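Colleague: what follows is a predicted structure for the sequence shown.
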Amino acid sequence: MTLSRRDFLQSCGALIVTFGAGSLKLLSAQGQGPFDTHPSHIDPQKLDSWLAVGADGMVTAYTGKCDFGQGMFTAQSQLVAEELCVPIERVKLIQCDTSVCPDQGTTSGSQSTPTNFNLENLALAAATAREALLGMAAVKLGEPVKQLTVADGIITSKMGRHVRYEELIGNKHFNLSLSATAKRRPAPDWTVLGKPIPSLDRIGLMTGQFEFVHHVRIPGMLHGRVVRPPEMGATLVHVDEQSVQSVPGLVKVVVRKNFIGVVAETQYQAGIAARKLAIQWNPGPGLPPQNSFFDYLQKQPSHDVLSVDSRDTAAQLAAASTVIRAKYTYPYQMHGSVGASCAVADVTTQSVTVWSATQSVYPTRSIVAKLLDIRIDQVRVIYVRGSGCYGLNGADAVSFDAAILSQAVGKPVRLQFSRQDEMMWENFGSACAVEQRAGLARDGRIVAWDREDWVASLGNRPGYDQPGNVITGMLLGYEPEPLDPRSTKAPAGKLRNRSNTVPSYFAGCVDGGCGGDGTIRSERALTHTVRSPFFTGPLRSPWRIQNTFANECFMDELCAHTKSDPVAFRLQHLRNSRVIGVLKAAADAANWQARSSPRADISRAQTVSGRGIACVAYEGDNGYAALVAEVDVDLQSGTVRPKRFVVALDCGPISNPDGLRNQTEGGILQGMSRALVEEVTWDNRRVTSVDWETYNSLHLDYEMPTVETVFVTPSNVPATGAGETAITVVAAAIGNAIFDATGARLRTVPFTPERVKSALLEHAQSAERA
Amino acid sequence: MNKITLKVNGQQHIVAVDSETPLLFVLNDELGLRGPRFGCGMAQCGACTIIMRGQAVRSCITPISAVGQDEVTTLEGLGTPEKPHPIQQAFIEEGAAQCGFCLSGVILTAKAVLDVKPHASDHEIRDALGGVLCRCFAHARMLRAIRKYAEGRRS
């Protein structure tokens, strides 16, 4: 029986929301409806791909952008309710199921809001639907659209007649394309969107009822474990299957090239088999020493890109009154999800269903098809929320692993990583080194700024066809995407600042157009991408946090050299009104006193205090943040204690102020943890950060500083991302506050007590010399 | 395989598992409970926390054989969506979570310490939460919710 997609939706939409995923298995075959063609069988130009109104008046919406716990489910439900003028309870949102949702690629990069909340995609679909319904009502009621009003899904005419949505369209297709001229409801009229609606997952979460991917249970399901190599680059010599024959419940040892997994009847048995399995490996090539890693990094062959180059920086620096140089380094850091990644796969001869916490259901569908050597349209990937991921954690790899194990045993398999599987093999946030050189004129203005960064990179998101970008693919013999060393090409077209390599103070002139946010016209930003010994991938504010740390701290160094106030000095070199707006708002809210850093009155007490500021135009134009950090520094122990953060954020119109506040606070505190304690470690053979004793994160006993959030909302600007904006400036603001308090400059993250003490010592020695 | 009788959230269960099986796997796989979750398997993060003998206990390192006659309470055993426990209610009101994976550790650890010491100071509550990890860093709201519950409990 082939059901139409609509029939499927009528039955399945509700099931996804109200029942566990187990119910879905029975429906998975029916999910292959009439739209099923590759690459995306759901045409995003068609209204019916996004919205359906049921006979009961329920509005079902389909989105390719999913919620990882930061409120996107609630915000998108608000958006649909707002545009269709129905209460939020009447909206059923289905997120990221390749059988029914449009392909919106990956949910990442602070792109969900710009993509779905402006004049495209979900927002445009909802606006198109409202206008279409008004048009239908005008015909039915015999009165022009301008005499109609709508509320609660009921359209009322001037003459007092009314008709409900379900009477117009209930259970029927719209058969319309998205209307490019459909008008969004104006923000001042909003009653649902823009309001602090409590997140819809709250009660389920707090009472332990919420279904994570870890809870998906399928009849006949077995449990798997993977057995990863002991170190990067190790290759398999021999697996001794006899070593686990006595393990009760063992179903199969699965070996494909360097991939090894076990399948057993229970999790406990799978764990025993994974531990007992005797394996002989050839060692990998070894690792460069951690203590000199950045020197190593800067000597490797690289792929080079110039973001901006005025071609006069050398001459301008030579002519400058003073030249300041500094090198900043940022370590590998982990996503470090609290829950070890998990997926459930059910591979049968006809179809594959994967329940996955991936950010990328469609790409995952393609990669699973490739790894299992089956047709893409036989694969269905259903997003079920996992533990917060903050980027590319183990969710993709575990989904591939589960599918391979399920195919090998012909039964559904649930696979959950061990803590070590998760931490040793995830795609870390990149380590970076940044060298800065800037020239100051006699009047203290910056006349030239030249910066070069080195980024360690290996793999990435697998996308639709690069399985080797994560560990599973590499073990199966696929290479990570190549990094071809090549000579530098001059920038062309428009300024691209997606990775925030270009500081806000650059004029950003490319091909005659100046797309930067600042005034410095003698400018160069060169990026060297170097092959990393470990997998890397996007981690909340990827490359942007590293670059912004180096840019905003170096700006502070230049400012200190001119003995200027850090806010005034920034304003002198800025021309983007939105960066200026958040900078002033944060300074005002923090009651910033204009003076230079370090403070003149550094006391001789054991604990000294300081304040620092940093700002960013995230990705150049995807949200704006400025942060004032107030910290205490214990001069004896070197401990840094943030006391207060004041952040100003401009992300355009806000979908849910409570959700945004929650996410901003989380971003600031996560940024603080990354700035103060987080760093991946390794020895000469392997990663040694494999659990929560060997990778630091601030636990709940940490005395948290206060976080004050100020929203700046200019009118008539598009909605931008907000998930990564605040975190981007935290390390820089703290580093600048430490400098203000002590006169010592921290140029390496994290700011551990040892590094603080050594910076203090260096500062004291140079002060003595002076 | 041994048949083991277990009392969880007020109900008796008989499960047939190896006696060394961690309590967490029994709660998840045999009883279908969602509150306690696997985070690390080494008692380092708190995601698997349950309450036993009035104490917050890490179920990932507790073999089922160690439970005996003691009743186990999980996050879903505190209250229901219709009638949440006051500490759950405080977390709902404060919106004190993002992904929420860590909540068993946060809520049950705080409840256990306040059950024993209703007048625990902020410092004492934080100390008790020393082994609990939230990687979304919803710390500020969580501590606010706990304080709200503690105040409500006292009055």
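Modeller: Noted; the coordinates are in hand. Residues are numbered from 1 along each chain as shown, chains lettered A, B, ... in the order given.

Colleague: just give the nearest non-adjacent residue to A:Gly620, would you?
Modeller: A:Asn497 (3.5 Å; CB to CB, 6 or more residues apart in numbering or on different chains). Where C-beta positions appear, they are placed from N, C-alpha and C, glycine not excepted.

Colleague: in a helix, the one you found, correct?
Modeller: No - counting by DSSP: H, G, I helix; E, B strand; the rest coil, A:Asn497 is located in no helix; its state is coil.

Colleague: residues contacting it?
Modeller: A:307, A:508, A:515-516, A:617, A:619-620 (CB atoms under 8 Å, 6 or more residues apart in numbering or on different chains).

Colleague: which ones among those lie within strands?
Modeller: A:307, A:617 (DSSP state E).

Colleague: residue contacts, residue 58?
Modeller: This is for chain A. Counted by CB under 8 Å, 6+ apart, A:Met58 has contacts A:90-92.

Colleague: try chain B instead
Modeller: Contacts of B:Arg58 (CB under 8 Å, 6+ apart): B:43, B:46, B:48-49.

Colleague: pull up the per-residue confidence for it.
Modeller: pLDDT for B:Arg58: 98.

Colleague: what segments of chain B are strands?
Modeller: Ranges of strands within chain B are B:2-8, B:11-17, B:49-52, B:55-58, B:72-73, based on DSSP E.

Colleague: pick the most buried one from those.
Modeller: strand B:49-52 (a mean of 25; mean count of other CB atoms under 10 Å in any protein chain shown).

Colleague: does chain A sit close to it?
Modeller: No - taking CB under 8 Å from any CB of the partner chain as the criterion, strand B:49-52 and chain A are apart, separated by no less than 10.6 Å.

Colleague: list the helices and strands that strand packs on?
Modeller: Packing contacts for strand B:49-52, counted by 3 or more CB pairs under 8 Å, 6 or more residues apart in numbering or on different chains; DSSP states H and E, involve strand B:55-58, strand B:72-73, helix B:103-116.

Colleague: identify whichever of the ones you listed lies nearest to A:Val582.
Modeller: Closest to A:Val582 of the helices and strands packed on strand B:49-52 is helix B:103-116 (CB to CB; 31.9 Å).

Colleague: per-domain residue ranges of the chain.
Modeller: This is for chain A. Listed domain ranges for chain A are A:5-206, A:213-284+A:335-425, A:295-332+A:430-769 (source: automatic domain parsing).

Colleague: nope, chain B
Modeller: Split into domains by automatic domain parsing, chain B comes to B:2-77, B:78-154.

Colleague: closest to A:Ser430 out of these?
Modeller: domain B:78-154 (19.1 Å).

Colleague: rewinding a little: ok, so of the contacts of A:Asn497, who is nearest chain B?
Modeller: A:Glu619 (22.0 Å; CB to the nearest CB).

Colleague: buried deepest among the domains of chain A, which one?
Modeller: domain A:213-284+A:335-425 (a mean of 22).

Colleague: how much space separates A:Leu168 from chain B?
Modeller: A:Leu168 sits 34 Å away from chain B, taking CB to the nearest CB, to the nearest Å as the criterion.

Colleague: will you turn the strands of chain B into TSV that also has distance to A:Val80?
Modeller: Output for the strands of chain B, formatted as TSV (distance: least, CB to CB, whole Å):
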stretch	distance to A:Val80
strand B:2-8	39
strand B:11-17	40
strand B:49-52	37
strand B:55-58	40
strand B:72-73	38
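
Colleague: so which of those comes closest to A:Leu193?
Modeller: Ranking these by their distance to A:Leu193 (criterion: CB to CB) puts strand B:49-52 first, at 36.8 Å.

Colleague: export only the CA atoms of that closest one, formatted as PDB.
Modeller: This file holds the C-alpha atoms of strand B:49-52, laid out as PDB (Å, rounded to 0.1, in the frame of the first residue of the first chain):
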ATOM      1  CA  THR B  49      21.700   9.800  39.600                       C
ATOM      2  CA  ILE B  50      18.900   8.100  41.600                       C
ATOM      3  CA  ILE B  51      18.000   8.400  45.200                       C
ATOM      4  CA  MET B  52      18.500   5.300  47.500                       C
END
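
Colleague: now, which of the contacts of A:Met58 sits nearest chain B?
Modeller: Nearest member of the contacts of A:Met58 to chain B, counting by CB to the nearest CB, is A:Lys92, at 17.9 Å.

Colleague: what's in contact with the helix or strand containing the closest one?
Modeller: In the assignment (DSSP states H and E), A:Lys92 maps to strand A:91-95. The contact list for strand A:91-95 (CB under 8 Å, 6+ apart) reads A:13-14, A:16-17, A:58-67, A:73, A:76-77, A:80-81, A:84, A:100-101, A:383.

Colleague: next up, the contacts around A:Thr207.
Modeller: B:75-76, B:78-81, B:84, B:88.

Colleague: got a PyMOL select line for the buried ones in those?
Modeller: Per 16 or more other CB atoms under 10 Å in any protein chain shown, the buried members of the contacts of A:Thr207 correspond to this PyMOL selection:
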select buried, chain B and resi 75+76+78+79+81+84+88
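
Colleague: ok, longest helix in chain B?
Modeller: helix B:139-154 (DSSP state H).

Colleague: in that helix, what's buried?
Modeller: Those would be B:139-146, B:148-150, for helix B:139-154 by 16+ other CB under 10 Å.

Colleague: what about it, distance to the chain center?
Modeller: 16 Å (CA atoms, centre = their mean, to the nearest Å).

Colleague: try stretch A:670-682
Modeller: Centroid separation between stretch A:670-682 and its chain, computed with CA atoms, centre = their mean, is 17 Å.
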